[in-house]
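*Asks:* sequence first, then the predicted structure:
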Amino acid sequence: MSRLNVFVQARLKLRDWRLRLGLRRARRAGVVIGDGCHFAGLPEFGSEPYLISLGRDVTVAPGVVMITHDGGIAVIHTLDPERYGKVHKFGRIDIRDNCHIGTGAIILPGVTIGPDCVIAAGSVVTRSIPPGVLAAGNPAKPVMTVQQYAEWSLAATPDIDEAEYRRDPKAYLMRTPLRGSVPRQFHQNDRSGTSV
Amino acid sequence: MSRLNVFVQARLKLRDWRLRLGLRRARRAGVVIGDGCHFAGLPEFGSEPYLISLGRDVTVAPGVVMITHDGGIAVIHTLDPERYGKVHKFGRIDIRDNCHIGTGAIILPGVTIGPDCVIAAGSVVTRSIPPGVLAAGNPAKPVMTVQQYAEWSLAATPDIDEAEYRRDPKAYLMRTPLRGSVPRQFHQNDRSGTSV
Amino acid sequence: MSRLNVFVQARLKLRDWRLRLGLRRARRAGVVIGDGCHFAGLPEFGSEPYLISLGRDVTVAPGVVMITHDGGIAVIHTLDPERYGKVHKFGRIDIRDNCHIGTGAIILPGVTIGPDCVIAAGSVVTRSIPPGVLAAGNPAKPVMTVQQYAEWSLAATPDIDEAEYRRDPKAYLMRTPLRGSVPRQFHQNDRSGTSV
């Protein structure tokens, strides 16, 4: 291994260690995390982590933020302390089994997601997402069913030589035509993409 | 105090110290910050911090970004240096008294917000927000008046035993039904939430 | 130089060094970066950096995330391993010459941008953006042509004394009326802004 690779390895190990430590700390603070969950990065669990629960097989991309209280009430506290001084707003976040939370998604208090949902990257989830849909946008809204998403994804998967892919993913992907692009309404024709 | 708590305490102190240092540095660089402001995280004040001013009692959630110039002009500089080479675009950001800026909001140049506004989490504020409204979305638009938001929040606040809450917020919130969810149009019926 | 400035200088140097190191690492991992590109912060190039290419004269603001695979397929893998177990979704990202990618933009797999495009801050780019437009929003859509943006920007540029600006940008900008605000539909009248 070259000297450089040693640094890269060390960096990855440190990142992995931080992630695990962060998750352990989150669990100790009260976040419920089911079996089979996978985190590509440590979410921000906010100031009331004990109000958050994740089911089984939830996958979480980097940069996700979960918020369990509404900070906006500071404005009305100041505006009319007598009438609104005792207003408080906390809300649970409940991510059910087999959901994926995309990169940079923000999840707001009082929201239930899933089971079997895909939350697209960059979504701001302001209200609950029913089971089995892909939701996207700000505010996040259901865009298609997970069934449609699955069929679309299957149709978009090129035939790949699994053995060759596994041997060297980078070399394989670099020479393969890729059709993967973001989920959108099924049966659409304008599948933008840099290839095919 | 257990050995672990010592680490947690140290981490919190370090974070607090960093935040204060960052704010002091921002002030020295020219950001005007009024009395009674509260920062849950250090905003990015960008490359011209001296064009930013915050009034009194402004609360700022983590991950907020304020941008005081338009980086897009690089494209037109390259496109036609003769005609557009001298184009420059800077804009002040003026957050007036008693506003709340939600998590991860991005505020663009030339924007005035408030007074008495709530900017929802994940908002991209591209133009000025008039006084006394809650704004959300990308681009951020007024969604309701702060008065409506206040009444809605008041109605959604469950009766809590303040004394008990103060004694142990975690234990109290964990066993209390919570209705808090994100602000939305008043008089709506689909108050999603994991509880009630 | 005061003792404080020494710290500030050291911090800036460290940041600059980190950025360069990160870019070198990204290039080694396979990101193609053309001549004349400028990075105000290190983008996240994700797990398949070798699927990303940037043309010449691309400027990238801080906090940009590029994603070259669709993590959502984990949901359908779990849902029906037999039918969907082999679904995979990777997509290239191709940013062509002379584009600007704004602060915090998220670019999804299979997307081609430009040439000559401005991607506004906070955009979530889910599909390809044609040449010569300014795109914004979640999902990002073309808002105006770069030509319109250029003319608008030119019209909004106040007469400034370049020599004086260069002598002390801070002092100059602080006393100058600024009209710069975010790009929006040309010929609009409600040019919000804190000044003139």
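*Replies:* Now that the structure is in, tell me what you want to look at. Numbering: from 1, shown residues only, chains lettered A, B, ... in the order given.
*Asks:* after the longest helix seen in chain A, which helix or strand is next?
*Replies:* Counting by DSSP state H, the longest helix found in chain A is helix A:3-29. Next helix or strand after helix A:3-29 toward the C-terminus (DSSP states H and E): strand A:32-33.
*Asks:* rewinding a little: tell me which residues of the longest helix of chain A are tucked away?
*Replies:* Buried residues in helix A:3-29, counted by 16 or more other C-beta atoms under 10 Å in any protein chain shown: A:Gly22, A:Leu23, A:Arg25, A:Ala26. Just so you know, the C-beta spots here come from the backbone N, C-alpha and C atoms, and that holds for glycine as well.
*Asks:* now do stretch A:78-97
*Replies:* Neighbour counts over stretch A:78-97 (16+ other C-beta under 10 Å) mark A:78-79, A:84, A:87-97 as buried.
*Asks:* ok, of those, which one's closest to C:Ile106?
*Replies:* Of all these, C:Ile106 sits closest to A:Ile95, with 20.3 Å by C-beta to C-beta.
*Asks:* buried residues, stretch A:34-43. List them.
*Replies:* Buried positions in stretch A:34-43, judged by neighbour count with 16+ other C-beta under 10 Å: A:Cys37, A:Phe39, A:Ala40, A:Gly41, A:Leu42, A:Pro43.
*Asks:* next up, the contacts around the closest residue in space to the last one that isn't next to it in sequence.
*Replies:* This points to A:Pro43. Spatial nearest neighbour of A:Pro43, chain neighbours left out: A:Val64 (4.1 Å); criterion: C-beta to C-beta, 6 or more residues apart in numbering or on different chains. Shown in contact with A:Val64 (C-beta atoms under 8 Å, 6 or more residues apart in numbering or on different chains): A:Gly41, A:Pro43, A:Glu44, A:Ile101, A:Gly102, A:Thr103, A:Gly104, A:Ala105, A:Ile106, A:Ile107.
*Asks:* just the buried ones among these, please.
*Replies:* By neighbour count, with 16+ other C-beta under 10 Å, the contacts of A:Val64 hold A:Gly41, A:Pro43, A:Glu44, A:Ile101, A:Gly102, A:Thr103, A:Gly104, A:Ala105, A:Ile106, A:Ile107 as buried.
*Asks:* my guess is A:Leu178 contacts C:His69, does it?
*Replies:* No: using C-beta atoms under 8 Å as the test, A:Leu178 is too far from C:His69 to be in contact (9.6 Å).
*Asks:* which one of the two is surrounded by more residues?
*Replies:* More neighbours surround A:Leu178 than the other of A:Leu178 and C:His69, with 26 against 19 (other C-beta atoms under 10 Å in any protein chain shown).
*Asks:* my guess is that one is in a helix, correct?
*Replies:* No: per DSSP: H, G, I helix; E, B strand; the rest coil, A:Leu178 lies outside any helix segment and is coil.
*Asks:* distance of it relative to chain B?
*Replies:* Distance check for A:Leu178 against chain B: by C-beta to the nearest C-beta, to the nearest Å, it reads 27 Å.
*Asks:* pLDDT score for that residue?
*Replies:* For A:Leu178, the pLDDT comes out at 80.
*Asks:* so which of the buried residues of stretch A:34-43 sit within helices?
*Replies:* Using DSSP H, no member of those falls within helices.
*Asks:* tell me the one among these nearest to chain B.
*Replies:* A:Pro43 (12.4 Å; C-beta to the nearest C-beta).
*Asks:* from what I see, A:Val31 and A:Glu48 are in contact.
*Replies:* No: counting by C-beta under 8 Å, A:Val31 stays clear of A:Glu48, with 10.0 Å between them.
*Asks:* higher neighbour count, these two?
*Replies:* Legend: neighbour count by other C-beta under 10 Å for A:Val31 and A:Glu48, higher for A:Glu48 (24 against 21).
*Asks:* list the contacts of that one.
*Replies:* Listed by C-beta under 8 Å, 6+ apart, the contact set of A:Glu48 reads A:Thr68, A:His69, A:Phe90, B:Pro169, B:Lys170, B:Leu173.
*Asks:* now the second one: phi and psi?
*Replies:* Spelled out, that is A:His69. In terms of degrees, to the nearest 10, the main-chain angles of A:His69 are phi -140, psi 160.
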